[in-house]
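This is a predicted model, with the sequence first.
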Amino acid sequence: MPFLANTPVEKMTGPYARRWWALLVLCLSLLITVMANTSLIVAAPDMTTDLGLSSSDLQWVVDGYTVPYAALMLVLGSIGDKYSRRGALVLGLLIFAGGSVMGSMVDETSLVISARVIMGVGAAVVMPATLSLVVATFPRGERAKAITAWAATSGVAVAVGPLVSGWLLEDHAWGSTFLINVPFAVLAVFGALALVPPSKAEGMGRIDYVGGLLSMVSVGSLIYVAIEGPHFGWGVGPVTAAVVAGVGLVAFVAWELRYPHPMLDVRKFAQRPFSGSMLAVMVFFFGMFAVLYYSTQFLQFVLGYDALDTGIRLLPLGGAVFLGSAVTGKLAPKLGVRAMVVTGLVIGTAGMFLLTQIDKGSTYGDFLAPLMMLGLALGLAISPATDTIMGSFPESELGVGGGANDTALELGGALGIAVLGSLLGTAYRDELTDLVGNRLPAEAMEIAKDSVGGGLAIAERVAQDPSAGPQQAQAAVDAVHQAFAYGVAQTSLIGGIVMAAGTLIVLVVLPGRRGFARSAEPGAGATASGAVTVREHTASAR
């Protein structure tokens with residue numbers, strides 16, 4: 001058996017013999033790109049202290065990864081389709097590893113942000129390549145299982161990232177959370193060459209670079225608006241970006257409707273299975289990423305867990321993802337896509353609403369059920385939605401399909417952190433002002449209102465002030481804890497309402513089994529690949 005997998009998928013006469021090993025490599029590649037986002041959440045306090053990060057600096061350390069990640073996936077997925085999906089995967093892993101090495105070595109804020117941007121570019125190549133290769137490598141009868149494993153990996157990475165980061169931070173500096181990516185990326189490169197077969201689109205025409213550029217401008221500007229506007233005010237930059245995003249989106253739709261070989265055929269959004277599944281992915285990750293964002297802060301700043309303890313306490317979320325994935329693998333063929341997706345969204349929304357009960361006296365136990373419900377919901381909903389999205393694209397556009405799915409995922413997560421994170425900050429500041437009033441100097445009060453970490457730092461200053469005393473210091477700590485708990489509860493209420501509204505829309509938009517069958521009939525607007533996938537869903541559901 002040769003070391004390198006050299007036979008292209010398109011030239012194989014039967015299923016690829018080592019496809020399950022290939023899936024393991026693809027899941028490892030996906031794992032490290034998602035972990036790079038979630039692991040930074042528990043490393044943020046150490047980075048803030050060491051680099052002296054402002055609130056704006058920290059936001060861009062986090063989102064320097066997100067902007068290129070979300071903006072580039074569609075066009076890079078198309079390039080992978082054209083030239084080589086495996087080649088795109090290997091190149092993306094190398095770029096990602098290079099950015100990780102840089103991030104581990106630098107000690108200036110601008111350079112850390114630059115390293116995160118490079119990692120984001122690499123991830124934007126890797127993520128759609130993994131999904132397109134899963135679909136290209138597996139025969140249609142096994143794709144649902146393979147996509148379920150892919151989606152479960154994405155969910156598990158959400159929980160594993162903070163655990164690995166916390167373990168490293170026990171004995172190492174925050175740079176280790178970057179460097180840990182490198183050996184896994186190198187292992188994935190060798191695994192891809194040895195186990196993942198080459199694949200590219202047959203007979204694909206020219207790449208729609210104009211559409212790709214417009215999609216990059218539109219999505220990138222929208223992410224920038226979501227980050228800057230709610231957090232730092234609606235100045236010239238965010239307003240200009242909002243206008244650019246709107247104009248770019250209109251231009252993108254107009255161009256794609258007229259161009260003979262569009263990068264993304266926007267007419268797909270008229271197909272209810274596709275548009276409903278895209279909305280479901282976006283709505284779910286809107287809530288999931290936001291909950292992870294403020295739950296980890298509560299566990300660290302209010303309950304006093306260190307980074308490792310926080311990571312350990314997120315593991316039940318990963319276990320629940322596996323449970324949900326196992327359940328959806330059994331029930332989706334019997335109940336259909338809409339039943340599983342909507343059930344998952346309902347459970348996730350209920351978990352979000354449970355967090356409205358958080359207060360200053362809450363313990364880890366109050367977070368355990370919501371986190372497990374979100375993990376179960378992810379396992380139930382995301383793989384059927386992803387399978388439906390990928391089934392809407394022909395074999396020649398699998399990279400674009402992966403890019404569309406992953407853009408919805410990342411856009412939903414970015415909007416969740418930006419919008420709900422902004423609401424959290426506002427609620428925290430307002431409640432802290434009501435509780436503390438004018439009992440702190442103006443400068444100290446501004447620092448305390450900036451973040452829960454800033455509030456606790458001011459409380460430490462009060463404790464060290466001989467004229468204040470331990471009682472005043474404890475009162476300041478209590479006020480910060482109460483204000484942040486209030487912010488979590490209020491933010492979860494708004495997030496729950498948004499998720500509930502999104503769930504109702506998905507329920508209306510996603511067709512039932514008969515609707516899926518009709519969308520697969522000739523003339524209904526489904527692609528050939530989508531028609532096959534839909535028929536499989538409906539046939540197995542009867």
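Arrived safely. All of these numbers come straight from a predicted model, not from anything done at the bench.

what about Val508, neighbour count?
10 (other Cβ atoms under 10 Å). From N, CA and C alone the C-beta is placed, and that goes for glycine too.

Helix or strand: which one has it?
helix 470-509 (DSSP states H and E).

tell me what whatever helix or strand Thr48 lives in is packed against?
Using DSSP H and E, Thr48 sits within helix 19-51. On a contact count with 3 or more Cβ pairs under 8 Å, 6 or more residues apart in numbering; DSSP states H and E, helix 19-51 meets helix 55-83, helix 85-105, helix 109-137, helix 140-169, helix 176-179, helix 181-195, helix 272-297, helix 307-313.

List the buried residues in the fourth one.
Along helix 140-169, the positions that meet the burial threshold by neighbour count (16 or more other Cβ atoms under 10 Å) are 143-169.

What ranges does the stretch 251-400 of the chain have for its strands?
Assigned by DSSP state E, counting those that start in this stretch, the strands in the stretch 251-400 of the chain number zero.

can you map out the helices along the stretch 401-542 of the chain?
421-436, 442-450, 452-464, 470-509, 513-519, 528-541 (DSSP state H, counting those that start in this stretch).

would JSON lines of those helices with mean pLDDT and distance to Gly361 be doable?
Listed next are these as JSON lines, based on pLDDT from 0 to 100; distance: least, Cβ to Cβ, whole Å:
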{"stretch": "helix 421-436", "mean pLDDT": "87", "distance to Gly361": "15"}
{"stretch": "helix 442-450", "mean pLDDT": "79", "distance to Gly361": "21"}
{"stretch": "helix 452-464", "mean pLDDT": "79", "distance to Gly361": "16"}
{"stretch": "helix 470-509", "mean pLDDT": "92", "distance to Gly361": "8"}
{"stretch": "helix 513-519", "mean pLDDT": "62", "distance to Gly361": "47"}
{"stretch": "helix 528-541", "mean pLDDT": "41", "distance to Gly361": "47"}
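
Quick one: closest of those to Lys268.
helix 528-541 (8.5 Å; Cβ to Cβ).

Buried residues of the helix holding Thr48, list them for me.
Neighbour-count burial for helix 19-51, counted by 16+ other Cβ under 10 Å, picks out 19, 22-48, 51.

Same question for stretch 307-317.
Going by neighbour count (16+ other Cβ under 10 Å), the buried part of stretch 307-317 is Ala307, Leu308, Asp309, Thr310, Gly311, Arg313, Leu314, Leu315, Pro316, Leu317.

Stretch 264-284 now?
Going by neighbour count (16+ other Cβ under 10 Å), the buried part of stretch 264-284 is 264-265, 268, 271-284.

avg pLDDT for it?
Mean per-residue pLDDT for stretch 264-284: 93.

Just checking the distance from that stretch to the centre of its chain.
Relative to its chain's centre, stretch 264-284 lies at 17 Å (Cα atoms, centre = their mean, to the nearest Å).

With stretch 168-177 instead?
Worked out by Cα atoms, centre = their mean, stretch 168-177 lies 23 Å from the chain centre.

for stretch 184-194, same thing?
23 Å.

Name the residues that touch it?
Residues lying outside stretch 184-194 but in contact with it, judged by Cβ atoms under 8 Å, 6 or more residues apart in numbering, are 3-5, 24-25, 28-29, 31-32, 86, 89-90, 93-94, 96-97, 100.

Return the set of buried residues in that stretch.
Buried residues in stretch 184-194 (16+ other Cβ under 10 Å): Phe184, Ala185, Ala188, Val189, Gly191, Ala192, Leu193, Ala194.

what's the span of stretch 170-185 from first residue to last?
Its first and final residues considered, stretch 170-185 spans 23 Å by Cα to Cα, to the nearest Å.

Flag every buried residue along that stretch.
Judged by neighbour count (16+ other Cβ under 10 Å), stretch 170-185 contains these buried residues: Trp174, Gly175, Ser176, Thr177, Phe178, Leu179, Ile180, Asn181, Val182, Phe184, Ala185.

With pLDDT and distance to Ala377 as extra columns, can I get these in TSV?
Below are the buried residues of stretch 170-185 laid out as TSV (pLDDT from 0 to 100; distance: Cβ to Cβ, whole Å):
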residue	pLDDT	distance to Ala377
Trp174	89	31
Gly175	90	34
Ser176	91	32
Thr177	90	27
Phe178	92	31
Leu179	90	33
Ile180	90	29
Asn181	92	28
Val182	93	33
Phe184	94	27
Ala185	95	30
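
between those residues, which is nearest Pro370?
The nearest one, if we look at the buried residues of stretch 170-185 relative to Pro370 and count by Cβ to Cβ, is Thr177, at 25.6 Å.

Okay, that closest one and Leu510: tell me how far apart.
Using Cβ to Cβ, to the nearest Å, Thr177 is found at 38 Å from Leu510.

In the chain, where is pLDDT below threshold?
Low-confidence segments of the chain, defined by pLDDT under 70: 1-3, 55, 230-232, 466-469, 514-542.

Give me the spatial nearest neighbour of Val244, chain neighbours excluded.
Ser221 (4.4 Å; Cβ to Cβ, 6 or more residues apart in numbering).

Could you measure from the one you found over to Asp359?
Distance from Ser221 to Asp359, by Cβ to Cβ: 39 Å.

Looking at the two now, which is surrounded by more residues?
More crowded of Ser221 and Asp359, by other Cβ under 10 Å: Ser221, with 23 against 13.

what's the spacing between stretch 132-149 and its chain's center?
Relative to the chain's own centre, stretch 132-149 is displaced by 21 Å; criterion: Cα atoms, centre = their mean.

mind checking the end-to-end distance for it?
14 Å.

Next, the angle from the helix holding Thr48 to helix 109-137.
Per axes from the mean of the first three to the mean of the last three Cα atoms, to 10 degrees, the angle that helix 19-51 makes with helix 109-137 is 170 degrees.

Tell me the gap between helix 19-51 and the middle of its chain.
Distance, centroid of helix 19-51 to centroid of chain: 11 Å (Cα atoms, centre = their mean).

Check stretch 17-24 too.
Distance of stretch 17-24 from its chain centroid, counting by Cα atoms, centre = their mean, is 25 Å.

for stretch 76-86, same thing?
22 Å.

and if you look at stretch 339-354?
Averaging C-alpha positions (Cα atoms, centre = their mean) puts stretch 339-354 17 Å from its chain's average.

same question, stretch 313-325
16 Å.

same question, stretch 14-26
On the basis of Cα atoms, centre = their mean, stretch 14-26 sits 25 Å off its chain's mean C-alpha point.

do the same with stretch 472-482
Averaging C-alpha positions (Cα atoms, centre = their mean) puts stretch 472-482 34 Å from its chain's average.

Ok, stretch 351-368 next?
Centre-to-centre, stretch 351-368 and its host chain are 23 Å apart (Cα atoms, centre = their mean).

Ok, stretch 357-372 next?
23 Å.

In that stretch, which residues are buried?
Ile358, Ser362, Asp366, Phe367, Pro370, Leu371, Met372.

could you say what helices and strands the helix or strand hosting Val250 packs with?
Here Val250 sits within helix 236-258, counting by DSSP H and E. In this structure, helix 236-258 packs against helix 209-232, with contacts taken as 3+ Cβ pairs under 8 Å, 6+ apart.

Can I get the helix it packs on as PDB, trimmed to CA atoms?
This file holds the C-alpha atoms of helix 209-232, laid out as PDB (Å, rounded to 0.1, in the frame of the first residue of the first chain):
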ATOM      1  CA  TYR A 209     -13.500  36.300  -8.700                       C
ATOM      2  CA  VAL A 210     -15.800  39.400  -8.900                       C
ATOM      3  CA  GLY A 211     -18.400  37.600  -6.900                       C
ATOM      4  CA  GLY A 212     -15.700  36.400  -4.500                       C
ATOM      5  CA  LEU A 213     -14.400  39.900  -4.000                       C
ATOM      6  CA  LEU A 214     -17.900  41.200  -3.300                       C
ATOM      7  CA  SER A 215     -18.600  38.400  -0.900                       C
ATOM      8  CA  MET A 216     -15.300  39.200   1.000                       C
ATOM      9  CA  VAL A 217     -16.100  42.900   1.200                       C
ATOM     10  CA  SER A 218     -19.700  42.300   2.300                       C
ATOM     11  CA  VAL A 219     -19.000  39.600   5.000                       C
ATOM     12  CA  GLY A 220     -15.900  41.300   6.200                       C
ATOM     13  CA  SER A 221     -17.600  44.700   6.600                       C
ATOM     14  CA  LEU A 222     -20.500  43.100   8.300                       C
ATOM     15  CA  ILE A 223     -18.300  41.300  10.800                       C
ATOM     16  CA  TYR A 224     -16.400  44.600  11.400                       C
ATOM     17  CA  VAL A 225     -19.700  46.400  12.100                       C
ATOM     18  CA  ALA A 226     -20.800  43.700  14.500                       C
ATOM     19  CA  ILE A 227     -17.600  44.000  16.500                       C
ATOM     20  CA  GLU A 228     -16.900  47.700  16.500                       C
ATOM     21  CA  GLY A 229     -20.400  49.300  16.600                       C
ATOM     22  CA  PRO A 230     -22.000  47.700  19.600                       C
ATOM     23  CA  HIS A 231     -18.700  47.600  21.700                       C
ATOM     24  CA  PHE A 232     -17.000  50.900  20.800                       C
END
